[in-house]
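1. For reference, the sequence and a predicted model appear below.
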Amino acid sequence: MSDAWTLACAADDIDEEDVIGVELNGHKYAIYNTPKGFFATDGICTHEVAHLEDGLVIGTVIECPLHQGRFDVTNGKALSAPVCVDLNTFPTKVEDGNVYVKIPE
Amino acid sequence: MKRVVIVGAGLAGFTVARRLRELDYQGAISLFGNEAVAPYDRPPLSKDILKGEKTADDVRLQDRAFYEERDIQLHVSAQVTRIRPEDRTVEIGPEELGYDALILATGATIRPLPDQMTRDLGGIYGLRDLSDAQALEHAFRAARRVLVIGGGYIGLEVAAAARSRGLEVTVLEAAPRILGRVAAAPTADIIRALHRHEGVDIHENTRIVAFTGDGHVTGATLSDGTRLATDCVVVGIGVSPNTGLAESAGLEIDDGIVVDDICQTSRPGIWAAGDCARFPSPHGPMRLESVGNAIAMGECVAENIMGAGRPFEVTPWFWSDQFDAKLQIVGLNQGHTRIVARDGAKDGAISYWYYRDDALISVDVINEPKTYMVAKRLIEAGKSPDPDDIADTSQNIKAFLKS
């Protein structure tokens, strides 16, 4: 399966240091606006079924809303217990005020 | 240090082992669990497992490869029967194993109803371990009416799971209100209303007096004179810390295994973590039964075994999922002098902020995880936003972190 650039949202849909959830091609993704730019990960925490769009973004770290697992959204790395499994990340780009993610078609 | 022995393969014991390897501890790790399965996540037992939506495989913390890659020797169905502190040895039945550091993460056991009341009747359950949850889930399949004794988190989560399976559910709480020990009155009011809306029959200020049934429970008599029929009883009236092993080794016990500020017991080289451990805190000696505490204390013990000398400090946090409601609590509200309500952005979302004089000490959040996360950071940082600002929903919640 190939990956394609896909429109996720408008850049100003996401406040600074915040996250929204989008559903694209039947999958949930979380799109982040951080001081280091826009990032995209899986929309669901790897620990339990928690929607990361409800999480708290500080810098480039998202804290899962349920059990305070933390991930670095720039590379998906799990930073603290109870999560041990990293998140998948996806490339992003901003064009004409829109955020695109490169995801499986 | 050549060998660390961990007694108890719940979340606290598991965390000690995991953290030791993260810290590059090079010696042996022996992790003993008395259940038949590898360490698992306990919270889903009273939720998804009871609803029949998850199985044992879904709640396992890590697969076999995790332990192999880290050279953690996991022993399941293994009972550590004795500690001999003088020769730094544990006994597992007829076998012996020496240790350089020993961690007691022995957990807690369900507090039962008196034997003369339960009379070995079938159909009376508790919920602590995976096998308990599986047995109860099985009982739910055949039951029509469930009586839950105890209106704490466990009782209410069991009630919600049973109700969502279409069972008729009655909850008894002996105290004047549900959640008396763990949440403040406004939060309890919301949870009570939710359960009643969903069709759960809640009786507060009501005790169980007697069960009827011959061989299997068929009914119950309550302290208000009510008699009701039931097919299944779940007892959720709390737990007692497992201290027997520590006590017979001569360790100091006081409703839990007593530890000092770095989580060491009264015997050097023996540590304790999780539900079984009583630790010093600014609010006096404390024992917490929570996931957050098991992780935090397990990590602290591992670091201190490696010589960090780090005092254990924890901001208590808890959560409970009932029906569609997500309750998250940070801090301890005992001694509050003022409660401030803050409406959430969505319907059904609200938070209660507890102040002791001017100091923010605890927050209960219903259905708004982001507010909970901000509240937790505020309390951890010792920050106390002005109560009027908290009540003002035009103020962005995250802004309080920066002020």
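-> Received the coordinates, thanks.

2. When you work out contacts or count neighbours from here on, use the C-alpha atoms and nothing else.
-> Noted.

3. Not counting sequence-adjacent ones, nearest residue to whichever residue of chain A sits closest to chain B?
-> Sorted by distance to chain B under C-alpha to the nearest C-alpha, the residues of chain A start with residue A:65, at 5.1 Å. Residue nearest to residue A:65 in three dimensions, not counting chain neighbours: residue A:55, with 4.5 Å by C-alpha to C-alpha, 6 or more residues apart in numbering or on different chains.

4. How about residue A:43?
-> Across the structure, with C-alpha to C-alpha, 6+ apart as the measure, the residue nearest residue A:43 apart from its sequence neighbours is residue A:29 (3.8 Å).

5. tally of neighbours for the one you found?
-> Residue A:29 is surrounded by 25 other residues when neighbours are defined as other C-alpha atoms under 10 Å in any protein chain shown.

6. ok, now which ones touch residue B:240?
-> Residues touching residue B:240, when contacts are defined by C-alpha atoms under 8 Å, 6 or more residues apart in numbering or on different chains, comprise B:108-111, B:255.

7. Now list the buried members of these.
-> For the contacts of residue B:240, a neighbour count by 16 or more other C-alpha atoms under 10 Å in any protein chain shown gives the buried set as B:108-110, B:255.

8. Using CSV, list the CA coordinates for stretch B:226-240.
-> Taking Å, rounded to 0.1, in the frame of the first residue of the first chain, the C-alpha atoms of stretch B:226-240 are listed here in CSV:
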residue,chain,number,x,y,z
THR,B,226,-36.2,-4.9,52.3
ARG,B,227,-36.0,-8.4,51.0
LEU,B,228,-34.9,-8.9,47.5
ALA,B,229,-34.2,-11.8,45.2
THR,B,230,-30.8,-12.1,43.6
ASP,B,231,-28.8,-14.6,41.5
CYS,B,232,-25.4,-13.2,42.1
VAL,B,233,-23.7,-11.1,44.8
VAL,B,234,-20.6,-9.1,44.4
VAL,B,235,-18.8,-7.9,47.6
GLY,B,236,-16.7,-4.7,47.1
ILE,B,237,-16.1,-3.5,50.6
GLY,B,238,-12.4,-2.8,50.4
VAL,B,239,-9.1,-4.6,50.7
SER,B,240,-6.5,-5.4,53.3
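
9. distance between that stretch and the chain's centre?
-> The offset between the C-alpha centroid of stretch B:226-240 and the centroid of the whole chain comes to 19 Å, using C-alpha atoms, centre = their mean, to the nearest Å.

10. that older thread, for the residue nearest to residue A:65, phi and psi?
-> As for residue A:55, its main-chain torsions (degrees, to the nearest 10) stand at phi -80, psi 180.

11. My read is that it contacts residue B:371, right?
-> No. Look at residue A:55 against residue B:371 with C-alpha atoms under 8 Å: they stay out of range, at 9.6 Å.

12. Now do the shared contacts for those two.
-> Contacts common to residue A:55 and residue B:371, judged by C-alpha under 8 Å, 6+ apart, are absent.

13. Please parse chain B into its domains.
-> B:3-48+B:60-109+B:239-305, B:112-235, B:324-402 (automatic domain parsing).

14. Can you flag the weakest of those by average pLDDT?
-> Averaging pLDDT over each of the domains of chain B singles out domain B:324-402 as the lowest, with a mean of 93.

15. Do that one and chain A come into contact?
-> Yes. Taking C-alpha under 8 Å from any C-alpha of the partner chain as the criterion, domain B:324-402 and chain A are in contact, through B:368-370, B:373-374.

16. so how far is that domain from its chain's centroid?
-> Taking C-alpha atoms, centre = their mean, the mean C-alpha location of domain B:324-402 is offset from the chain mean by 22 Å.

17. One more: stretch B:280-298?
-> When distances are taken as C-alpha atoms, centre = their mean, stretch B:280-298 is centred 11 Å away from the chain's centroid.

18. on that earlier part again, and the residues of domain B:324-402 next to chain A, which are buried?
-> B:368-370, B:373-374.

19. Throw the residues you listed into a markdown table and include distance to residue B:136 and secondary structure, thanks.
-> Formatted as a markdown table, these follow (distance: C-alpha to C-alpha, whole Å; DSSP: H, G, I helix; E, B strand; the rest coil):
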| residue | distance to residue B:136 | secondary structure |
| --- | --- | --- |
| B:368 | 31 | coil |
| B:369 | 30 | helix |
| B:370 | 34 | helix |
| B:373 | 33 | helix |
| B:374 | 37 | helix |
